[in-house]
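> okay, structure incoming, though there's no sequence with it:
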């Protein structure tokens, strides 16, 4: 038998081993696919400027260019994948952020910039990656500069990226230091809030402003000026009609502004435009057929805090009562509803509806029952009270704010005869209870 003159073929690799070697962490995502997609992105960006003179290049940057549909679909897949922690860590280990920074700096395609910032935002959500990203000075500089961008989707993702960074305790100081040194951040955010009609952008920009004001007393003092306040007021008008979930964020930012000396001066100067907006918001809550308190505690607490700041002097309260008592009427209704929620057993708090009969019974605790007209459907609205995700602390803050304002008005009526006279009007039609009696009643129940 003749001996073989060649070596036997090497053992074939198991297909499962090959797939596992190409997988990112414990996922089924392919390393090779990610590399291939990033390389296609780099090549596409490099090809953008070919054959363009300087004028055409500047025009394309101003107006933007379209991105190849297949590449865009792949980039969107990468964007989705980057929300996975293993993928985020993998991208960081292979220095993908530097690659994305380079792409954003060179591309004239707004969609590419948006997706790149979306990928970076998802990566920033990972605690394992956020610190490394926040140590990248080029990335911080780029993100802050993009707040001057005029493409709404890009701004949405840029604000989300910075919001996420500021939400990480180990990263916030670096970002705040950079924001403190860059005066254009303030100008750009104020402009966005004043001019944007994009609901997602208004929400993210307002959230970013609120985070900055709440993270640093120094920044709150520096930023509490008319341009930002104007922007927040315009954003509030938009949110009231389009995205009510943004209202608590905006009102909390204005509340923070009201805690600074510069801010309260700015608020007072704008009180004729701000107070009616706050009064209308509170009225909207009370005018619903079913007054829903749950989920609005934070917004109402901030609104009441701002109103107290605007009506801080006896003269201002008196002037307001002379022209309109509806705000006080609505605040007392909300206070009564919130008190009723607190009195319910914990098990009954979840999804309980307080009917007009329930409230009328509560109203009679300190007054003659004959003074109430329980048959009058306008005497009081139904009030739905649910726990939702709101903590007891939030409800307590609302109660405290409402009670404090009511006490302030009642104290004033004891000192000023004119105010006491104003409070002798009926609290509501079909009910002989006066404003002054209602004030004492709800405060005694607190």
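Great, that's in hand. Since the model is a prediction, treat every value here as computed from it, not as a measurement.

> what ranges in the stretch 201-350 of the chain fall below the confidence cut-off?
The model of the stretch 201-350 of the chain has pLDDT under 70 over residues 290, 341, 343-350.

> can you show me the helices along it?
For the stretch 201-350 of the chain, the helices defined by DSSP state H, counting those that start in this stretch cover 217-223, 226-242, 247-257, 261-269, 271-287, 297-310, 314-323, 326-343, 346-349.

> for residue 428, find the nearest of those.
Closest approach to residue 428 among the helices of the stretch 201-350 of the chain (CB to CB): helix 326-343, 6.8 Å. Where you see a C-beta, it was placed from the backbone N, CA and C, and this is true even at glycine.

> which parts of the protein are strands?
Ranges of strands in the chain, per DSSP state E, are 290-292, 352-354, 382-385, 426-428, 431-434.

> circling back: would you list the helices of the stretch 201-350 of the chain in JSON lines and tack on mean neighbour count and distance to residue 176?
Converted to JSON lines, these look like this (neighbours: other CB atoms under 10 Å; distance: least, CB to CB, whole Å):
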{"stretch": "helix 217-223", "mean neighbour count": "17", "distance to residue 176": "7"}
{"stretch": "helix 226-242", "mean neighbour count": "19", "distance to residue 176": "16"}
{"stretch": "helix 247-257", "mean neighbour count": "25", "distance to residue 176": "15"}
{"stretch": "helix 261-269", "mean neighbour count": "16", "distance to residue 176": "19"}
{"stretch": "helix 271-287", "mean neighbour count": "16", "distance to residue 176": "27"}
{"stretch": "helix 297-310", "mean neighbour count": "22", "distance to residue 176": "22"}
{"stretch": "helix 314-323", "mean neighbour count": "15", "distance to residue 176": "35"}
{"stretch": "helix 326-343", "mean neighbour count": "20", "distance to residue 176": "35"}
{"stretch": "helix 346-349", "mean neighbour count": "11", "distance to residue 176": "39"}
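
> now tabulate those in a markdown table and tack on distance to residue 43.
Shown next, in a markdown table, are those (distance: least, CB to CB, whole Å):
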| stretch | distance to residue 43 |
| --- | --- |
| helix 217-223 | 42 |
| helix 226-242 | 40 |
| helix 247-257 | 41 |
| helix 261-269 | 50 |
| helix 271-287 | 51 |
| helix 297-310 | 49 |
| helix 314-323 | 65 |
| helix 326-343 | 60 |
| helix 346-349 | 60 |
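
> nearest to residue 155, out of those helices?
Of all the helices of the stretch 201-350 of the chain, helix 226-242 comes closest under CB to CB, at 13.5 Å.

> ok, residue 415 - contacts?
residue 314 (CB atoms under 8 Å, 6 or more residues apart in numbering).

> quick check: pLDDT value at it.
The model reports residue 415 with a pLDDT of 88.

> picking up where we left off before, so which of the helices of the stretch 201-350 of the chain gets nearest residue 168?
Once those are compared by CB to CB, helix 217-223 is nearest, at 17.5 Å.

> what residues does the closest one touch?
Against helix 217-223 from outside (CB under 8 Å, 6+ apart): 176, 179-180, 186, 209, 212-214, 256-257, 259-263.

> recalculate using a threshold of 6 Å.
Helix 217-223 is contacted by residues 186, 212, 213, 256, 260 when judged by CB atoms under 6 Å, 6 or more residues apart in numbering.

> the third one: neighbour count?
If you count neighbours by other CB atoms under 10 Å, residue 213 ends up with 25.

> and it, how far from residue 165?
From residue 213 across to residue 165, the span is 16 Å (CB to CB, to the nearest Å).

> one step back: do you know which of the helices of the stretch 201-350 of the chain lies nearest residue 202?
Across the helices of the stretch 201-350 of the chain, residue 202 has its closest neighbour in helix 226-242 (4.9 Å, CB to CB).

> that closest one packs against which elements?
helix 183-195, helix 199-215, helix 247-257 (3 or more CB pairs under 6 Å, 6 or more residues apart in numbering; DSSP states H and E).

> any regions of the stretch 1-150 of the chain where pLDDT drops low?
Along the stretch 1-150 of the chain, the model assigns pLDDT under 70 to residues 1-21, 49-65.

> need the helices for it, in chain order.
15-22, 31-48, 54-63, 69-81, 85-93, 96-106, 110-124, 127-134, 137-145.

> mind putting those helices in TSV, distance to residue 331 included?
Output for the helices of the stretch 1-150 of the chain, formatted as TSV (distance: least, CB to CB, whole Å):
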stretch	distance to residue 331
helix 15-22	63
helix 31-48	55
helix 54-63	50
helix 69-81	46
helix 85-93	46
helix 96-106	49
helix 110-124	40
helix 127-134	42
helix 137-145	41
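
> which of the ones you listed sits most buried?
Stretch with highest mean neighbour count among the helices of the stretch 1-150 of the chain: helix 110-124 (a mean of 25; mean count of other CB atoms under 10 Å).

> tell me how far the longest helix anywhere in the chain lies from the chain's centre.
Taking DSSP state H as the criterion, the chain has its longest helix at helix 392-415. Its chain's C-alpha centre and that of helix 392-415 lie 26 Å apart, by CA atoms, centre = their mean, to the nearest Å.

> neighbours of residue 425, just the number please.
Residue 425: 13 neighbours (other CB under 10 Å).

> tell me which residues touch it, please.
Taking CB under 6 Å, 6+ apart, we find residue 425 in contact with residue 435.

> could you redo the last one with a cut-off of 7 Å?
Shown in contact with residue 425 (CB atoms under 7 Å, 6 or more residues apart in numbering): 325, 434, 435.

> most neighbours of all those residues, which one?
For the contacts of residue 425, neighbours tallied by other CB under 10 Å; top is residue 435, 23 neighbours.

> test my guess that residue 204 contacts residue 157.
No - contact criterion CB atoms under 7 Å: residue 204 and residue 157 do not qualify, at 8.5 Å.

> quick one: which of the two has more around it?
More neighbours surround residue 157 than the other of residue 204 and residue 157, with 27 against 23 (other CB under 10 Å).

> wait, the more buried one sits on residue 112?
No - at 11.7 Å, residue 157 and residue 112 do not qualify as touching, with contact defined as CB under 7 Å.
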